[in-house]
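Student: structure, please.
(2 chains)
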Amino acid sequence: MRFNRILLSLMALAAISALAMPPMMGDSIRKISILFMPISSPVRRIAGSVDSRIVKPIPTPSAEINARRTAAQLQDDNETLKYQVQFLDDENKRLHAKLDALGKLESKTAVRMVPVVGGDLGTQQVLILQPGSGDGVTSNMPVVYLPRNLAGKLEVVGLGAARVRLISDRNFTVTGIFQREHKDLGRFQDMPQPLKTMEGMGKGKMVIRSVKKEEAAPPGHPELSLAVGDQFVVRDKDLPEEVQGYKLGEIESISDSKQPQFVTIVLRPDQDLMKLREVILPAKK
Amino acid sequence: MRFFPFFILAYVALSVQVGLTGYGSIYQARPNLVLLVAIFIAVNAHRDAALLGCFLLGFAQDLLTSQSPLGLNALSYSLIGILVINTQEIVYSDHFLTHISLGLLSGLVYAFLIYAHGWIYYSLLHASAKMARPFVGPLVVSAFYTAGLAPFVLALLRKMKRIFGFRPLRSHGNGRR
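Tutor: Alright, predicted model coming up:
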């Protein structure tokens, strides 16, 4: 074969780089995503629009449980929630009036919606954002989505574009606690289980491995046992105060681990994170 | 091969691939449109131009792939390019069965290279980095998915063949393009 020597040299260089280059080393020059935005952004919008019409969204585990409730139960909950909304509305007005009086209505931090313009071309669960000016946007900053969910952390911030590594990406870890929503009372209850670390599975889900059976189901207290639909929320000292308590996902399944006396808990985020169209970034004023 | 139209095609393919991430995936697998462009170039262009085109496509993809060493896709696409270039003389390049079989073969070779690299790189050479190596399932499904789309994408590209200025078979010595 008479291949060009330059091409062979390039291939040899690529082979050496592919094997010898440290994993994160290339990130410093991977800041060209913005160049593809004029096409990737409208393509993503069209794909999202078509997808929302064709593909039925997968309900969260708690929504599935909720769907099985009777009409009478739902009516009852509805009345309770109406009362709570009224109460919280009044409380909100009262607190705003107090803040106005104190002249502290201006918050030190604000948030802004940032469009997702695409995703990573590799096997990682990573999204590309267009944060605009990039003021105040730095690596490791948490990225959230509505209503109060953590999407991931910023990984590479470049010229007008940034990448967010999603919580469902493999080996992504966050510490948190379990919470149970009492729809009838309209409040959340912290479960007694200690802090746990969840890990991304890379398939749009997360896992908590090796939870002791007596932790998952405390003997003599069936009401404190973890169940499908319970939430896992952020309680991580490496993340800022603003995102503590943000939802990571809901328990989809609890199964026996390979080791006896342990269970494995699989969590699912509220929506397919790879299909997010907008996320929220904190922006310092 | 004219390189200006090639760069435009590469840009569009990469942009569409970036924009479609997360949509239309089956079992976490998605079609590889950039690979289909590499096949189109390799099956039609002159040997050296085709190889350079495949290398550049792979390198551009490397720049859009996080947590992966630079050069992996460039090398993979170049090797696939060599494979496809060598079939130029024995296949009918415009037949849809050629498109499906080349799409599947290239997809499987790509899956093998990425998985083998992941195993060597993340498990042996850089085990301390605690990075995750790719799953084999989505890579294989992606190969079949890409092969399924190959006749449509390559038929579309075939209509634009004149823009690229590929030289006809008889203009090369020994039937080479």
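
Student: against B:P31, how distant is B:F152?
Tutor: Using C-beta to C-beta, to the nearest Å, B:F152 is found at 10 Å from B:P31. C-beta here means a position set from N, CA and C on the backbone, and glycine is covered the same way.

Student: settle it for me: which of these two has more neighbours?
Tutor: Higher neighbour count among B:F152 and B:P31: B:P31, with 24 against 12, using other C-beta atoms under 10 Å in any protein chain shown.

Student: quick check, that one in contact with B:A143.
Tutor: No. Counting by C-beta atoms under 8 Å, B:P31 stays clear of B:A143, with 9.6 Å between them.

Student: hey, what's A:R165 bridged with?
Tutor: Beta bridges link A:R165 to A:V126, A:K153 when assigned by DSSP bridges.

Student: hmm, it is touching A:I128, no?
Tutor: No. The pair A:R165 / A:I128 is not scored as a contact, 11.2 Å apart, by C-beta under 8 Å.

Student: tell me the predicted confidence for B:A116.
Tutor: Model confidence at B:A116, expressed as pLDDT, equals 93.

Student: which positions within the helix or strand where it lies qualify as buried?
Tutor: Using DSSP states H and E, B:A116 falls within helix B:96-118. Neighbour-count burial for helix B:96-118 flags B:98-100, B:102-111, B:113-115, B:117-118 (criterion: 16 or more other C-beta atoms under 10 Å in any protein chain shown).

Student: filter those down to the ones close to chain A.
Tutor: Here is what survives when the buried residues of helix B:96-118 are matched to chain A using C-beta under 8 Å from any C-beta of the partner chain: B:I114, B:H117.

Student: least confident secondary structure element in chain B?
Tutor: Across the helices and strands of chain B, mean pLDDT, DSSP states H and E gives its lowest value to helix B:161-164, namely a mean of 89.

Student: that one packs against which elements?
Tutor: Packing contacts for helix B:161-164, counted by 3 or more C-beta pairs under 8 Å, 6 or more residues apart in numbering or on different chains; DSSP states H and E, involve helix B:3-19.

Student: ok, which stretches of the stretch 151-285 of chain A are strands?
Tutor: A:162-166, A:173-182, A:187-190, A:196-200, A:206-212, A:231-234, A:247-256, A:262-268, A:278-284 (DSSP state E, counting those that start in this stretch).

Student: ranking those strands by burial, who's on top?
Tutor: Mean neighbours per residue, mean count of other C-beta atoms under 10 Å in any protein chain shown, is largest over these for strand A:162-166, with a mean of 27.

Student: run through who's touching it.
Tutor: In this structure, residues lying in contact with strand A:162-166 by C-beta atoms under 8 Å, 6 or more residues apart in numbering or on different chains are A:30, A:33, A:120, A:124-131, A:134, A:137, A:143, A:151-157, A:172, A:200, A:273-274, A:279, B:66.

Student: tilt between that strand and strand A:196-200?
Tutor: Interaxial angle, strand A:162-166 versus strand A:196-200 (axes from the mean of the first three to the mean of the last three C-alpha atoms, to 10 degrees): 120 degrees.

Student: now do strand A:162-166: distance to the chain's middle.
Tutor: On the basis of C-alpha atoms, centre = their mean, to the nearest Å, strand A:162-166 sits 11 Å off its chain's mean C-alpha point.

Student: please, where are all the helices along chain B?
Tutor: B:3-19, B:33-44, B:47-63, B:72-85, B:96-118, B:136-158, B:161-164 (DSSP state H).

Student: looking at those, which is nearest to A:A14?
Tutor: For A:A14, the closest of the helices of chain B is helix B:72-85, at 4.1 Å, according to C-beta to C-beta.

Student: show me what counts as buried in the closest one.
Tutor: Quick answer for helix B:72-85 (16+ other C-beta under 10 Å): B:72-82, B:84-85.

Student: okay, those residues in JSON lines with pLDDT and distance to A:V55 next?
Tutor: Below are these laid out as JSON lines (pLDDT from 0 to 100; distance: C-beta to C-beta, whole Å):
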{"residue": "B:L72", "pLDDT": "92", "distance to A:V55": "31"}
{"residue": "B:N73", "pLDDT": "93", "distance to A:V55": "29"}
{"residue": "B:A74", "pLDDT": "94", "distance to A:V55": "34"}
{"residue": "B:L75", "pLDDT": "94", "distance to A:V55": "35"}
{"residue": "B:S76", "pLDDT": "95", "distance to A:V55": "31"}
{"residue": "B:Y77", "pLDDT": "95", "distance to A:V55": "31"}
{"residue": "B:S78", "pLDDT": "94", "distance to A:V55": "36"}
{"residue": "B:L79", "pLDDT": "95", "distance to A:V55": "35"}
{"residue": "B:I80", "pLDDT": "95", "distance to A:V55": "31"}
{"residue": "B:G81", "pLDDT": "94", "distance to A:V55": "35"}
{"residue": "B:I82", "pLDDT": "92", "distance to A:V55": "39"}
{"residue": "B:V84", "pLDDT": "92", "distance to A:V55": "34"}
{"residue": "B:I85", "pLDDT": "90", "distance to A:V55": "39"}
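
Student: now, which of those residues lie close to chain A?
Tutor: Answer for these near chain A (C-beta under 8 Å from any C-beta): B:L72, B:A74, B:L75, B:S78, B:L79, B:I82.

Student: what's near enough to touch the nearest residue to the last one once chain neighbours are set aside?
Tutor: Once its chain neighbours are removed from consideration, B:I82 has its nearest residue in B:L51; the separation is 6.8 Å (C-beta to C-beta, 6 or more residues apart in numbering or on different chains). B:L51 makes contact with A:F3, A:N4, A:L7, B:A42, B:S78, B:G81, B:I82, B:I85, according to C-beta under 8 Å, 6+ apart.

Student: what do you get if the cut-off is 10 Å, keeping everything else the same?
Tutor: For B:L51, the contact set (C-beta atoms under 10 Å, 6 or more residues apart in numbering or on different chains) comprises A:3-4, A:7-8, A:10-11, B:41-42, B:45, B:77-79, B:81-82, B:84-85.

Student: just give me the closest of the residues you listed to A:K237.
Tutor: Nearest to A:K237, judged by C-beta to C-beta, of those is B:Y77 at 43.4 Å.

Student: how many neighbouring residues does A:G245 have?
Tutor: Residues contacting A:G245 under the criterion other C-beta under 10 Å number 16.

Student: give me the pLDDT for it.
Tutor: 90.

Student: would you check how far apart it and A:L239 are?
Tutor: In this view, A:G245 and A:L239 are 11 Å apart by C-beta to C-beta.

Student: which residues are common contacts for those two?
Tutor: Applying C-beta under 10 Å, 6+ apart, one finds that A:G245 and A:L239 are jointly contacted by A:L150, A:G176.

Student: okay, the residue of chain A found nearest chain B: pLDDT?
Tutor: In chain A, the residue that lies nearest chain B is A:G119 (2.5 Å; C-beta to the nearest C-beta). pLDDT recorded at A:G119 is 87.

Student: up against chain B, what does the stretch 151-285 of chain A have?
Tutor: When proximity is defined as C-beta under 10 Å from any C-beta of the partner chain, the stretch 151-285 of chain A approaches chain B at A:155-156, A:163, A:165-166, A:169-172, A:199-204, A:272-277.

Student: which ones among these map onto helices?
Tutor: Per DSSP H, these never map to helices.
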